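Colleague: prediction below, plus the sequence it came from.
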Amino acid sequence: MLATADGHGTGEIMRRADTSKPTVWRWQERYSDEGVDGLKRDKTRPSRVPPLPRKTRLKVITKTVQESPPNATHWTRSLMAEVVGISPSRVGRIWAEAGLKPHLTKSFKVSDDPLFEEKVTDIVGLYLDPPERAVVLCVDEKSQIQALDRTKPGLPLKKGRAATMTHDYKGYGTTTLFAALDVKSGQVIA
């Protein structure tokens, strides 16, 4: 602006400021419209990507929190994007703004067994203080099975909190066995 005030032309100002002709014109126009305040900040420009309608954002959040996708345990960005009809990156931005992380779950277990404390004490006691000449065995089902039917309902996903689910599931006849055997006699101790 000082160069303009000194009577220098656009070409000279371009060389001094190492900028383009449209930029010089834009600065001159801003100065004439708003004075020095117009030069203190850059003009805000509209985003190249139009904002999503509120209805679409709510649809993504509602589906994430209240529904499970078909044949999957949780929503992924690409799966949600396909269902709603937007890009996966937009789904990711919506989840981030809403504080949702559908891929995270925390497990919990509350036993209904009235003898739970007694059983835990017996089993933990075998490991912490095994009887003399004993072998402690634990037989369990395959641990890598994906569990879809949980024993108790969990809390839903919401902002700042992962969904919860019990660590166990309906085993349909499977069982877990803990035992301690006397090595010498072969008898079951506990």
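Modeller: Sure, I can see it.
Colleague: need the three-state assignment for the closest residue to V83 other than its chain neighbours.
Modeller: Once flanking residues are discounted, V83 sits nearest to K63: 7.0 Å by CB to CB, 6 or more residues apart in numbering. Just so you know, the C-beta spots here come from the backbone N, C-alpha and C atoms, and that holds for glycine as well. Secondary structure, DSSP: H, G, I helix; E, B strand; the rest coil: K63 is helix.
Colleague: okay, K63: pLDDT?
Modeller: Looking at K63, its pLDDT reads 93.
Colleague: measure it to G125 for me?
Modeller: Distance, K63 to G125, by CB to CB, to the nearest Å: 48 Å.
Colleague: could you do L79 as well?
Modeller: Relative to G125, L79 is positioned 47 Å away (CB to CB).
Colleague: settle it for me: which of these two has more neighbours?
Modeller: It is L79, of L79 and G125, that has more neighbours when counted by other CB atoms under 10 Å, with 17 against 13.
Colleague: how about low-confidence regions in the protein?
Modeller: Scanning the chain for pLDDT under 70 picks out the ranges 41-47, 108, 136-150, 167-190.
Colleague: how about the strands in it?
Modeller: Per DSSP state E, the chain has strands spanning 105-108, 134-139, 163-166, 177-182. These are given in chain order.
Colleague: list the buried ones in the first one?
Modeller: Just to be clear, that refers to strand 105-108. For strand 105-108, the buried set under the neighbour-count rule, 16 or more other CB atoms under 10 Å, comprises T105.
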